[in-house]
Structures are given as structure tokens and as C-alpha cells.
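# Just to be clear, the model below is a prediction. Sequence and coordinates:
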Amino acid sequence: MGETKYIFVTGGVASSLGKGIISSSIGKLLQARGYNVTIQKFDPYINIDPGTLNPYEHGECYVTVDGHEADLDLGHYERFLGIETTKANNITTGRIYKSVIDKERRGDFLGKTVQVVPHITDEIKRNIKLLGNKYKFDFVITEIGGTVGDIESLPYMESLRQLKWELGQNALCVHLTYVPFLAAAKELKTKPTQHSVKELQSLGIQADVLVLRSEHDLSANLRKKVALFCNVEEEAVIQSVDVPTIYEVPLKMQEQDLDKTILRKMGLPAGKDPDLKAWRTFLARRAKASEIVTIGLVGKYVELQDAYKSILESLSQAATYNDRKLKIEYIQSETITPENIGEKLGKVDGIVICPGFGSRGIEGKFVAAKYTREHDIPTFGVCLGMQCLAIEFARNVLGYAGANSVEMDEKTPYNVIDIMEEQKAVTNMGGTMRLGAYECVIGKDSRVFEIYGQEHIQERHRHRYEFNNDYRQEYERNGMKCVGMNPESGLVEIVEIPTLKWYIGTQFHPEYRSTVLNPHPLFLSFIKAAIDK
Ligand code: GLN
């Protein structure tokens with residue numbers, strides 16, 4: 001294809017309407033037509049990245065291969081499209097300003113007054129076009145976080161306005177709104193959508209496509225009315241009604257020719273509809289699965305679904321590939337005691353001990369790890385979860401009372417999880433952990449080797465503390481094997497107890513790499529073990 005096409009996805013009326021899912025679905029449909037597509041997200045907050053944000057504020061922090069701590073929507077992009085995103089795919093206002101201020105300090109502006117327009121908007125535009133210019137994608141989809149009218153998103157909207165003007169047919173705006181149903185009046189209401197489109201127009205942007213989120217089917221008449229009031233073609237008014245799984249959204253969009261409308265508006269031939277065969281097979285299998293596999297999620301943010309987004313998605317994909325329906329039992333680790341753990345885990349087929357930071361709820365995780373080890377219940381420890389498996393083992397098998405991670409207890413007599421040497425001098429919290437993809441070599445006589453079917457793997461990290469190699473031999477002698485190692489640093493990346501059905505901990509986060517069409521082998525095998533149990 002010739003020039004890169006830019007699609008902007010904005011939102012109005014309410015937040016949390018699923019701009020990330022709509023962006024991913026558009027990307028999926030264009031990709032299925034053979035285009036090279038990427039998706040980028042702008043977040044209008046001042047933090048440089050979400051790495052320093054509490055999950056209560058912003059859900060899970062996703063990690064890209066190049067070690068960027070990113071918004072969780074990047075997880076959707078990767079899971080839908082099977083692509084790898086990078087630092088260039090997620091940019092915050094903080095990063096835009098930092099870059100402009102750094103340039104100002106270097107004297108790059110040659111004495112000029114540095115202003116929001118044009119300097120901040122130029123930097124935003126540069127970051128959008130970078131993906132087209134440097135990486136040569138056919139389509140760059142840019143999702144703008146927040147809703148139209150927010151003070152914080154104004155510079156982004158102004159950049160969109162300028163880009164639409166500069167790029168002509170090569171730029172297009174998809175606006176996502178909400179059509180509420182008023183139960184008392186038994187009516188669906190389009191006024192909020194009309195206002196939202198007007199708000200966008202007042203910033204000089206005409207939406208080209210409208211996607212209307214709703215809990216109910218929208219009649220042709222209603223859509224016609226929206227088209228008329230909003231200066232949008234009738235066929236460019238698309239509905240997005242709630243579906244049982246987000247993975248159905250691309251098909252719902254295709255049924256309404258969203259991709260064809262976009263292509264036509266951007267002057268590209270539509271050709272034949274792609275059949276999305278593998279995708280449909282996945283969905284059919286998912287719909288058919290009726291038997292349940294129950295996984296206990298042991299963590300401290302269990303009331304917050306978004307905090308463990310990628311783990312939940314990986315588990316549910318793996319359940320589908322095992323022809324099961326996934327049921328999650330959320331187990332708040334702060335409430336776990338040795339007395340109630342049997343009851344809490346009574347109905348689960350396996351547990352995941354979740355990643356995390358700090359000591360809140362940590363003792364409960366040790367209790368859970370001990371119980372599942374002693375009762376041979378499939379157990380998957382991810383990052384902090386893996387550290388918990390190791391600490392519990394040290395305390396109760398190696399007999400090291402008070403063993404801990406230095407993160408939780410600086411004075412522990414048995415620092416089985418310790419801070420990395422190069423982390424000791426770190427004083428800044430942001431972007432300073434061990435981040436991104438690292439190689440891991442798997443021992444050939446291990447369970448995980450069977451699972452991966454290969455010796456060399458690459459997985460993504462996000463942590464400061466590590467298994468302390470001083471204790472390695474003792475662990476191995478007593479039955480917990482260190483079966484995955486980083487070849488350069490010698491750091492332990494995977495532990496397992498091979499005599500148990502499935503008791504594996506990974507210092508990395510395999511959940512960032514599991515996609516719809518390429519589910520992660522560890523999650524597949526863990527769910528299988530849970531079913532077999
Ligand atoms: N808090 C632990 C560390 O920094 C684990 C981090 C995580 O689970 N992502 O090493």
C-alpha cells in the first residue's frame with residue numbers, strides 16, 4: 001500500500017464504553033484484509049507512564065516486549081491482532097510535555113515562546129505519524145483516552161483537527177458514544193450522542209463514523225435520525241450492542257460493514273470479505289464449552305477485575321482451547337488464614353497466585369501456596385506469585401522460619417528473594433524495574449520443557465526482586481527445581497515441583513503473550529491439569 005492511513009478513535013457521553021475493543025476490532029478486520037496494522041493509545045494524564053499508577057487508579061499495567069509499562073488497552077490490541085506493540089504505541093501527556101521541555105532546555109526552539117499550539121500539538125502529531133513514517137504501517141489506529149470535552153484531551157483533539165486537515169482522505173475519525181435506555185419512558189435516547197458529536201464539531205472535528213454503544217438493539221430509524229443530526233452517512237452509523245464475549249465484537253462490526261465503510265471513505269478498494277475462519281472457530285468452541293473449570297485467583301485486588309486483566313484473558317482463552325467454560329473464584333489474600341483455607345479452596349480446580357507489590361495480603365498467599373502444595377492442587381505462581389511459592393517452600397520445607405523477600409521484610413534472616421545488585425542504587429520508581437522481554441533457557445528434563453516444547457524462550461518481566469541463587473542447591477535437593485534460567489545473568493526464571501501434578505512459578509509474566517489465536521502453552525497446560533485433577 002502507498003501512504004499510511006490514520007484512523008482516530010474518540011469517545012463521548014461516558015468513559016469505559018470500550019474504545020479499546022472497538023479500536024482492536026477495526027484493526028482486526030483491516031488486518032484480516034491483508035493490511036499491516038498497528039494501534040496506539042494516547043492517555044491524557046501527566047504520569048510519564050502507568051507504571052507508577054496503583055491498579056485502583058488504572059487497572060493492570062501491561063508490559064511491551066521493549067519494556068514499556070503501558071495501558072491495559074495495549075493488551076487488547078495484542079490479543080486481538082497477535083501483534084507486538086512497543087513504547088511508541090502508548091503515549092501520555094506527561095511524555096509529550098517531557099519531550100517538549102527537554103527540547104526547550106536543549107535550546108532547540110531557538111528563543112521562541114514554547115506553547116501548547118503549535119509545540120505540544122506538533123509533538124503529538126509527530127508521535128502519531130512516527131508509526132507511519134518510521135515503521136511503515138498501512139494503518140495506524142490512534143485511540144484517544146478520555147472523553148471529548150475533557151480539559152485534558154483538548155491538545156489531542158486539536159492535533160486530530162490539524163491532522164484531518166493535513167491528511168485529507170488519509171485520516172478518519174471514528175467516534176464512540178452511548179445510547180442509554182430510559183426504563184420509565186421505555187425509550188432509547190440519542191440526545192447525548194447528538195451533544196457529543198456537536199462537542200466534537202465545536203473543536204473543528206467532524207466524525208466520519210459513529211459507533212453507538214447500547215444495551216439494546218437500535219432500530220434503523222433511530223440510526224437514520226442520528227445520521228441526520230450528526231452529519232454522518234447512514235451506513236456509517238454502527239451499533240455495538242453488548243455481546244457475551246468481547247471477541248465477538250469484530251464479527252458484529254463486520255456484519256455492519258464497518259471495515260468496508262472505512263475503506264471506501266479512505267479511497268481503498270474493499271474486495272472480498274475476509275472469512276476470519278480461525279477467529280470464528282475459536283468463538284464457536286467458546287460458545288459450545290459448557291463444562292466448567294474453576295480457578296481460584298489469589299490476590300489483593302480481587303474486587304477489581306481490571307487489575308489482573310491479562311491473567312483473566314489468558315485463563316479464559318486456555319479454557320476455550322480445553323473446551324471448558326472458565327469460572328473464577330476471587331480469593332482476597334488478606335482474608336486467608338490456615339483455618340479457612342480448606343474451605344476457601346474447596347471448590348477450585350487450581351489456583352493462580354497473582355503478581356503484586358508490597359506486603360498487603362502476602363501472608364495469605366503463603367498459606368494458599370502451602371495448602372495447594374500439600375494437597376497437590378494445580379498451582380501457578382506469577383511473578384510475586386512465584387516468589388511466594390519459593391518463600392513458602394523455604395519456611396515449611398527447608399525449615400527457614402521467617403524466610404521472606406527483602407521487599408516484605410528488609411531484615412529477614414533468610415533472604416530467599418532478594419533485591420538485584422543493580423537495583424540497589426535505584427532511587428527513582430518510574431521505569432526502573434527489570435522490564436520487558438528477556439531470554440530464558442529451560443532445562444530439558446523439566447515439566448516446563450515438555451510444556452513449551454522448546455529450550456529457548458522469551459518472556460516479559462516487571463519486577464525488582466529475584467530468587468536468591470545462594471539457596472538454589474538446597475531448594476533443588478529438597479524437591480523444588482530451578483528449571484528456567486536467564487543465560488546472561490544466571491537469574492532463576494522458573495521453579496517447579498516435578499513430583500506434584502502442576503506446581504510452577506514464573507518470575508516473568510506469561511500472560512502478556514497469550515493471544516486469542518496463539519494461547520500461551522503454560523496457561524493451556526495449567527488449565528488442562530486443573531481439569532484432570
Ligand atoms: N514485587 C515483586 C518484585 O518487584 C513482584 C513484582 C510483580 O509481581 N510484578 O519483584
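Everything's here; your move.
# and the stretch 351-500 of the chain, which residues reach the ligand?
Contacts of the stretch 351-500 of the chain with the ligand, taken as CB under 6 Å from any ligand atom, map to 355, 356, 357, 383, 384, 407, 462, 463, 464, 465. Placement of C-beta: from N, CA and C, glycine included.
# And the strands in the stretch 51-200 of the chain?
For the stretch 51-200 of the chain, applying DSSP state E, counting those that start in this stretch gives strands covering 62-63, 69-70, 90-92, 139-144, 171-178, 181-182, 187-188.
# closest one to residue 486 among the ones you listed?
Of all the strands of the stretch 51-200 of the chain, strand 62-63 sits nearest to residue 486, with 16.3 Å by CB to CB.
# That closest one: how far from the chain's middle?
Put simply, strand 62-63 sits 6 Å off its chain's centre (CA atoms, centre = their mean, to the nearest Å).
# quick one on the thing from earlier: could you identify the most distant pair in the residues of the stretch 351-500 of the chain next to the ligand?
Among those, the pair separated by the greatest distance (CB to CB) is 407 and 462, at 13.6 Å.
# Between the two ends of stretch 293-313, how far is it?
End-to-end distance of stretch 293-313: 14 Å, with CA to CA, to the nearest Å as the criterion.
# So it, near the ligand or not?
No. Against the ligand, stretch 293-313 shows no contacts by CB under 6 Å from any ligand atom, the least distance being 10.0 Å.
# in that stretch, what's buried?
For stretch 293-313, a neighbour-count test (16 or more other CB atoms under 10 Å) marks 293-302, 307-313 as buried.
# Mind jotting down where the strands sit in the stretch 351-500 of the chain?
Secondary structure of the stretch 351-500 of the chain (DSSP E, counting those that start in this stretch): strands at 379-382, 417-419, 434-442, 456-463, 465-467, 481-485, 492-496.
# before we move on, the earlier item: out of the residues of the stretch 351-500 of the chain next to the ligand, grab the one that's most surrounded.
Neighbour tally across these (other CB atoms under 10 Å): the maximum, 26 neighbours, falls on residue 384.
# among the strands of the stretch 351-500 of the chain, which is the most enclosed?
Highest mean neighbour count of the strands of the stretch 351-500 of the chain: strand 379-382, a mean of 29 (counted as mean count of other CB atoms under 10 Å).
# mind checking the SS state of residue 211?
At residue 211, secondary structure determined by DSSP: H, G, I helix; E, B strand; the rest coil is strand.
# Distance of it relative to the ligand?
Counting by CB to the nearest ligand atom, to the nearest Å, the gap from residue 211 to the ligand is 34 Å.
# Can you find the helix or strand of this structure with the lowest average pLDDT?
In the chain, no helix or strand scores lower on mean pLDDT, DSSP states H and E than helix 55-58, which sits at a mean of 84.
# hmm, that one touching the ligand?
No. Helix 55-58 does not reach the ligand (CB under 6 Å from any ligand atom); its nearest approach is 11.0 Å.
# hmm, who's touching that helix?
Here helix 55-58 makes contact (CB atoms under 8 Å, 6 or more residues apart in numbering) with 50, 61, 71, 72, 301, 304, 306, 307.
# Lowest-confidence entry in those?
The member of these with the lowest pLDDT is residue 304, at 78.
# And the nearest residue to that residue once chain neighbours are set aside, how far from the ligand?
The spatially closest residue to residue 304, leaving aside those adjacent along the chain, is residue 55, at 6.0 Å (CB to CB, 6 or more residues apart in numbering). Separation of residue 55 from the ligand (CB to the nearest ligand atom) stands at 11 Å.
# Tell me the gap between the least confident helix or strand of the chain and the middle of its chain.
Helix 55-58 has its C-alpha centroid displaced from the chain centroid by 13 Å (CA atoms, centre = their mean).
# can you check stretch 407-427 too?
28 Å.
# Repeat that for stretch 283-292.
Using CA atoms, centre = their mean, the offset of stretch 283-292 from its chain centre is 23 Å.
# Flag the shaky bits of the stretch 1-150 of the chain, pLDDT-wise.
The stretch 1-150 of the chain contains residues with pLDDT under 70 at 1.
# what ranges do the helices span in it?
Using DSSP state H, counting those that start in this stretch, the helices of the stretch 1-150 of the chain run over 19-32, 55-58, 73-81, 93-106, 121-133.
# other SSEs contacting the fourth one?
Using 3 or more CB pairs under 8 Å, 6 or more residues apart in numbering; DSSP states H and E as the contact test, the elements touching helix 93-106 are helix 121-133.
# Output the helix it packs on as CSV, nothing but the C-alphas.
Presented in CSV, the C-alpha positions along helix 121-133 are these (Å, rounded to 0.1, in the frame of the first residue of the first chain):
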residue,chain,number,x,y,z
THR,A,121,0.3,19.6,19.3
ASP,A,122,3.3,19.2,17.0
GLU,A,123,4.8,16.7,19.4
ILE,A,124,1.5,14.8,19.5
LYS,A,125,1.3,14.7,15.7
ARG,A,126,4.9,13.6,15.5
ASN,A,127,4.2,10.7,17.7
ILE,A,128,1.2,9.7,15.6
LYS,A,129,2.9,9.9,12.3
LEU,A,130,6.1,8.2,13.6
LEU,A,131,4.3,4.9,13.3
GLY,A,132,3.5,5.5,9.7
ASN,A,133,6.8,7.2,8.7
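# Now tell me what touches it from outside.
Outside helix 121-133, the residues that reach it (CB under 8 Å, 6+ apart) are 3-4, 6, 38, 40, 42, 88-89, 91, 96, 99-100, 137, 140, 142, 155-156, 158-159, 162-163.
# still on that earlier bit, tell me which entries of the buried residues of stretch 293-313 lie within strands.
Among these, DSSP state E puts 293, 294, 295, 296, 297, 298, 299 in strands.
# and of the residues you listed, the nearest to the ligand?
Closest approach to the ligand among those (CB to the nearest ligand atom): residue 299, at 10.0 Å.
# Quick check: bridge partners of that closest one?
Beta bridges link residue 299 to residue 332, judged by DSSP bridges.
# isn't it right next to residue 361, touching?
Yes. Using CB atoms under 8 Å as the test, residue 299 is close enough to residue 361 to be in contact (7.4 Å).
# Pull up the overlap in contacts between those two.
In contact with both residue 299 and residue 361: 332, 333, using CB under 8 Å, 6+ apart.
# what residues are up against residue 208?
172, 173, 174, 232, 236, 265.
# CSV for these, including neighbour count?
Formatted as CSV, those follow (neighbours: other CB atoms under 10 Å):
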residue, neighbour count
172, 22
173, 23
174, 25
232, 19
236, 23
265, 16
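# Tell me the one among those residues nearest to residue 332.
Of all the contacts of residue 208, residue 332 sits closest to residue 174, with 38.8 Å by CB to CB.
# Apart from its neighbours in sequence, what residue is nearest the closest one?
residue 209 (4.5 Å).
# Determine the number of other residues adjacent to the one you found.
Residue 209 sits with 23 neighbouring residues when counted by other CB under 10 Å.
# Confirm for me that it is in contact with residue 236.
Yes. At 4.6 Å, residue 209 counts as touching residue 236 under the criterion of CB under 8 Å.
# Can I get the helices of the stretch 1-150 of the chain in a markdown table including mean neighbour count?
Formatted as a markdown table, the helices of the stretch 1-150 of the chain follow (neighbours: other CB under 10 Å):
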| stretch | mean neighbour count |
| --- | --- |
| helix 19-32 | 24 |
| helix 55-58 | 14 |
| helix 73-81 | 26 |
| helix 93-106 | 15 |
| helix 121-133 | 18 |
